[in-house]
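# need the 3D shape of this:
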Amino acid sequence: MKVVLTIAGSDSGGGAGIQADLRTFAAHRVHGASAITAVTAQNSVAVLDWVALEPRMVVRQIEAVATDMTVAAAKTGMLATAAIVSAVAEAIERFALPLVVVDPVMVAKSGDRLLDREAEAAYRERLLPLATVVTPNLPEAEALIGRPVRTLAEMREAAPALLALGPRAVVVKGGHLEGEAVDVFFDGTRMEELPAPRIDTRNTHGTGCTYSAAIAARLALGDALLDAVRGAKTYLTEAIRRSYAVGHGHGPVDHLHPLT
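Residues are numbered from 1 along each chain as shown. Next up is the predicted model:
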């Protein structure tokens, strides 16, 4: 049984964060372990509040898992503060975590910010150089490279700039585009456009978390990087197709659809 570690925040509404990651791991039949970075009070409508854990406690969770289990892959989600970003980077190095998927979570689906602005520099300087792949959406890509990323052409231009920050590969996610949901994959050699039909639903809470968790699970199972991204996108597209409404805002995707 492969072990995949998620380092991310808790979503009390159950649609994103640790909760989404662990369901995604279960759907891929890998064992999910977790290091919680922050506790959010959120639902399908808004993030009401959040509290970051002490970096020491985040690292201790990673240590507890990594010194007991063989971690095949890991992913990061909400890291909240510059101190946590730096602490997580140090832990990845210290415990030699392989195949690290970095989802640079900055803003929730509701528009509420989930990252201190000071942490953006820590991502660039400390965490991205350790990433197997980084998976920003358009606003996150803009924040990381400091220029607009709003069209497919700008996504293609952004991918090499993001790669220059140190990851082995980049997936610029096009969920904010009009029309088809096209992602751009770039590993320094291949630049691939990964299109998917846009599904008419508002129930898309946690899509970024789910996508990155699926990539991590597939890497742990032995997929090559581009194959892992393609497979994760197919999995996510079907999860969105089967999404459902709970609450008054953005409902979650169906993470467990492969098991049903």
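
# from here on, just use CA atoms for contacts and neighbour counts.
OK.

# can you tell me which residues contact the residue positioned nearest the centre of the chain?
Among the residues of the chain, residue 103 comes closest to the average C-alpha position under CA atoms, centre = their mean, at 3.2 Å. By CA atoms under 8 Å, 6 or more residues apart in numbering, the residues touching residue 103 are 75, 76, 77, 78, 134, 135, 136, 208, 209, 212.

# could you rerun that using 10 Å?
Going by CA atoms under 10 Å, 6 or more residues apart in numbering, residue 103 touches 8, 75-79, 128, 131, 133-137, 140, 171, 208-209, 211-213.

# cool, residue 242 as well?
By CA under 10 Å, 6+ apart, the contact set of residue 242 is 199, 201, 203, 236, 252, 253, 254, 255, 256, 257.

# what does residue 34 give?
The contact partners of residue 34, taken as CA under 10 Å, 6+ apart, are 4-9, 18-19, 21-22, 58, 61-62, 64-65, 74-75.

# what bridges to it?
Beta-bridge pairing for residue 34 (DSSP bridges): residue 6.

# show the buried residues in the contacts of residue 242.
The neighbour-count criterion (16 or more other CA atoms under 10 Å) marks 199, 203, 236, 252, 253, 254, 255, 256, 257 among those as buried.

# find the nearest non-adjacent residue to the first one, please.
This means residue 199. residue 241 (6.4 Å; CA to CA, 6 or more residues apart in numbering).

# low-confidence stretches in the stretch 51-200 of the chain?
Scanning the stretch 51-200 of the chain for pLDDT under 70 picks out 109-110.

# 90 - rerun?
By pLDDT under 90, the low-scoring segments of the stretch 51-200 of the chain are 106-118, 175-181.

# tell me where it has strands.
Taking DSSP state E, counting those that start in this stretch as the criterion, the stretch 51-200 of the chain contains strands spanning 71-76, 100-102, 133-134, 169-172, 183-186, 191-194.
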